[in-house]
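Student: Here is a sequence with its predicted model. Questions after.
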Amino acid sequence: EVKENGLKTDAEIKIPLKSVQVSEAAKVQAKPDPLASYTVKKGETAYGIAKSQGVSLDELAVANSLFPTGIREGMVIRIPKPRSSVAPVVKESTQNDGAESPKQVETAVTPNLQTLDSNTYHIGLLLPMNPVSPNSGREAQFTISEHARVALSFYRGFQFGVDSFSQKLSVKCKITLYSVGNDSASLKAFTSKAEFDSLHVLVGPFYTDQFEKVATKMAQHGGIAICPMPKPSKLLFRHPNAVKTTPSESMQLNSLAEYIASEMKDSNLLLVNSNKFQDQENVEFFKTQYARACGVPDTFSGDAIREIKLWNINYETMKMRFRDSGSYVLIVPSTNRVFITKFLSELYNLTYREPGKYHFRLIGLSEWQKLDEDIDIRHLHQLNVTLPLVSYVDFRNYKINNFYKSYHQKFGFEPDALTLQGFDLAAYLLSELTYRPTEWLQAPEKYRYDGILDVYDFKRIMADSGIENRFIKLFEYDNYTLKEFAQWPIQRMK
């Protein structure tokens with residue numbers, strides 16, 4: 001029919017298919033969760049559950065993404081094994097007097113400080129570079145994946161840091177770049193190589209499940225695994241040799257609570273509860289951390305700070321909530337786009353219709369920076385919105401300006417925040433391995449480092465888990481620019 005009449009618009013045609021041989025895909029059985037699950041009953045608290053299960057509240061927090069009290073009836077949570085049930089690292093004693101050798105039990109990872117040669121350390125970078133060749137010789141058709149772009153920017157900064165400091169510092173390092181995709185087969189092949197056991201430090205991989213596996217393998221020979229990307233704090237659980245240089249949202253909330261308790265406790269504080277389901281964990285977590293920072297027992301965490309719950313948001317409800325004139329510091333741990341934009345709009349409306357009566361400072365989350373297109377710029381500045389920002393490039397900082405100039409002079413193009421992060425990490429590792437390698441490999445959380453963009457001030461939540469950078473910088477919207485408002489932890493002069 002097609003041959004006789006030709007093709008017509010909207011006509012249905014049949015296309016024959018060649019016979020193909022289909023092989024059944026290999027089935028990979030999902031690994032069961034190593035932790036037990038528990039269904040929350042009515043009236044139960046995180047503290048009570050932790051006590052009944054024989055674990056600490058901190059252990060329960062880490063196993064459940066660091067939200068210990070954001071639980072509800074019917075929720076299924078993870079229960080870590082009690083400390084006593086954790087298989088310890090056993091070392092044979094070197095004594096041999098004919099009797100059975102006693103065994104020394106250690107619960108911490110002991111670093112392997114054997115170097116490749118005199119004062120040389122092996123640092124690996126496991127990055128998702130995944131180099132590919134374009135299908136065409138035309139430059140315009142060459143594309144690079146987002147993962148590879150991130151990895152490339154980070155690597156450029158790291159290499160620039162090595163080149164800048166290797167001649168100034170006495171340490172000798174062997175730097176090796178590895179590229180592994182997001183699949184278990186290539187990762188297993190990499191960790192099975194003999195060269196893997198020579199690594200003292202491994203930066204990466206960028207994928208959460210891969211990082212946990214690598215951290216476990218690195219611990220077997222005393223190596224340190226570093227995660228430079230924003231990831232949940234739970235990947236540090238049971239990995240005491242893991243280091244996370246970028247604070248997660250929960251760690252930012254923890255540092256924010258400590259800062260407010262230390263520097264703003266006497267202000268007129270109000271915790272704003274959006275009543276949105278997605279925000280309840282943040283609200284409860286902040287209350288718990290703020291209470292701890294103020295020395296209030298967990299059972300009374302709800303009384304440590306005043307809380308307002310908002311349902312309908314309009315001028316009348318805002319006026320009713322803020323009957324008294326004066327200054328307010330509002331903590332708003334919400335990530336709900338609709339609530340944030342509505343709340344800022346009506347609060348701005350209140351200050352506009354009641355001029356001179358109120359002065360607000362709103363402290364939000366780093367996620368708010370992504371909402372710039374949804375929020376009127378006047379609202380951000382009139383309400384003194386203040387955000388904890390990670391790795392924010394502030395060009396008023398002379399160190400950042402000088403870095404951009406020197407980098408551009410050397411390479412002919414500008415760096416980005418990832419380049420600065422890579423540079424800071426390289427400078428940090430070379431510095432620590434030069435001046436205190438043994439002490440740093442055993443307890444990296446003891447030492448603070450001030451880089452060009454990032455500051456590392458680590459915290460170990462539990463003895464048998466990894467460490468996470470807790471340093472935050474608070475930026476406020478002022479005169480239509482973002483200006484640094486505060487830092488935490490504060491490095492006080494002794």
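Tutor: Alright, I've got the coordinates. Numbering: from 1, shown residues only.
Student: From here on, just use CA atoms for contacts and neighbour counts.
Tutor: Fine.
Student: Report the separation between residue 352 and residue 319.
Tutor: Taking Cα to Cα, to the nearest Å as the measure, residue 352 falls 12 Å from residue 319.
Student: ugh, wrong one, residue 338
Tutor: Separation of residue 338 from residue 319 (Cα to Cα) stands at 20 Å.
Student: Point out where the stretch 351-494 of the chain drops to low pLDDT.
Tutor: Where the stretch 351-494 of the chain drops to pLDDT under 70, the residues are 491-494.
Student: just the helices in it please.
Tutor: All helices of the stretch 351-494 of the chain, identified by DSSP state H, counting those that start in this stretch, fall at 377-382, 398-411, 417-435, 437-442.
Student: Likewise for the chain?
Tutor: 2-5, 46-53, 57-63, 146-165, 184-191, 208-219, 249-263, 280-293, 315-321, 337-353, 377-382, 398-411, 417-435, 437-442 (DSSP state H).
Student: can you put the ones you listed in TSV and add distance to residue 81 and mean neighbour count?
Tutor: Converted to TSV, the helices of the chain look like this (distance: least, Cα to Cα, whole Å; neighbours: other Cα atoms under 10 Å):
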stretch	distance to residue 81	mean neighbour count
helix 2-5	70	7
helix 46-53	9	16
helix 57-63	9	22
helix 146-165	35	18
helix 184-191	26	14
helix 208-219	17	20
helix 249-263	22	21
helix 280-293	22	23
helix 315-321	45	13
helix 337-353	37	17
helix 377-382	46	18
helix 398-411	45	13
helix 417-435	33	22
helix 437-442	25	17
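Student: Out of those, which is closest to residue 122?
Tutor: Closest approach to residue 122 among the helices of the chain (Cα to Cα): helix 417-435, 10.7 Å.
Student: which residues sit against the closest one?
Tutor: 150, 153-162, 165-166, 169-171, 391-393, 440, 449, 451-454 (Cα atoms under 8 Å, 6 or more residues apart in numbering).
Student: go with 6 Å
Tutor: With contact meaning Cα atoms under 6 Å, 6 or more residues apart in numbering, helix 417-435 is reached by 153-154, 157-158, 161, 171, 451.
Student: So which of the residues you listed is the closest to residue 213?
Tutor: residue 154 (21.9 Å).
Student: any idea how far residue 221 is from the residue lying closest to residue 253 once chain neighbours are set aside?
Tutor: Leaving aside its sequence neighbours, residue 253 sits nearest to residue 286 (Cα to Cα, 6 or more residues apart in numbering; 6.2 Å). Distance from residue 286 to residue 221, counting by Cα to Cα: 38 Å.
Student: List the contacts of residue 385.
Tutor: Contacts for residue 385 (Cα under 6 Å, 6+ apart) come out as 361-363, 476-477.
Student: Would you mind giving these as JSON lines with distance to residue 376 and neighbour count added?
Tutor: Shown next, in JSON lines, are these (distance: Cα to Cα, whole Å; neighbours: other Cα atoms under 10 Å):
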{"residue": "361", "distance to residue 376": "16", "neighbour count": "19"}
{"residue": "362", "distance to residue 376": "15", "neighbour count": "20"}
{"residue": "363", "distance to residue 376": "17", "neighbour count": "23"}
{"residue": "476", "distance to residue 376": "15", "neighbour count": "24"}
{"residue": "477", "distance to residue 376": "12", "neighbour count": "21"}
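Student: Take those and keep only those in strands.
Tutor: Secondary structure defined by DSSP state E assigns 361-363, 476-477 of the contacts of residue 385 to strands.
Student: got JSON lines for these, with distance to residue 330 too?
Tutor: Shown next, in JSON lines, are the ones in strands among the contacts of residue 385 (distance: Cα to Cα, whole Å):
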{"residue": "361", "distance to residue 330": "6"}
{"residue": "362", "distance to residue 330": "5"}
{"residue": "363", "distance to residue 330": "6"}
{"residue": "476", "distance to residue 330": "14"}
{"residue": "477", "distance to residue 330": "15"}
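Student: Nearest to residue 191 among these?
Tutor: Using Cα to Cα, the ones in strands among the contacts of residue 385 come closest to residue 191 at residue 363, 43.7 Å.
Student: wait, doesn't that closest one sit right on residue 329?
Tutor: No. With contact defined as Cα atoms under 6 Å, residue 363 does not count as touching residue 329 (7.4 Å).
Student: and the gap between residue 448 and residue 152?
Tutor: Residue 448 is 27 Å from residue 152, by Cα to Cα.
Student: for residue 282, same thing?
Tutor: 34 Å.
Student: And for residue 467?
Tutor: For residue 467, the distance to residue 152 - Cα to Cα - is 26 Å.
Student: same deal with residue 453?
Tutor: 18 Å.
Student: repeat for residue 328
Tutor: Taken as Cα to Cα, the span from residue 328 to residue 152 is 44 Å.
Student: can you check residue 421 too?
Tutor: 12 Å.
Student: Kindly report the same for residue 481.
Tutor: For residue 481, the distance to residue 152 - Cα to Cα - is 30 Å.
Student: before we move on, what about residue 236?
Tutor: Distance of residue 236 to residue 152, given as Cα to Cα: 25 Å.
Student: Ok, residue 222 next?
Tutor: For residue 222, the distance to residue 152 - Cα to Cα - is 28 Å.
Student: thinking again about what came up before, can you tell me which of the helices of the stretch 351-494 of the chain is nearest to residue 232?
Tutor: helix 417-435 (18.4 Å).
Student: Pull the contacting residues for residue 340.
Tutor: Per Cα under 6 Å, 6+ apart, neighbours of residue 340: none.
Student: Give me the local confidence score for it.
Tutor: Reported pLDDT at residue 340 in the predicted model: 95.
Student: just to revisit the earlier point, for residue 436, state which of the contacts of residue 385 is nearest.
Tutor: residue 476 (37.0 Å).
Student: quick one, what contacts the closest one?
Tutor: Residue 476 touches 385-386, 482-483, 485, counting by Cα under 6 Å, 6+ apart.
Student: nearest to residue 52, of the residues you listed?
Tutor: residue 386 (39.9 Å).
Student: Give the burial count for the closest one, as a bare number.
Tutor: 26 (other Cα atoms under 10 Å).
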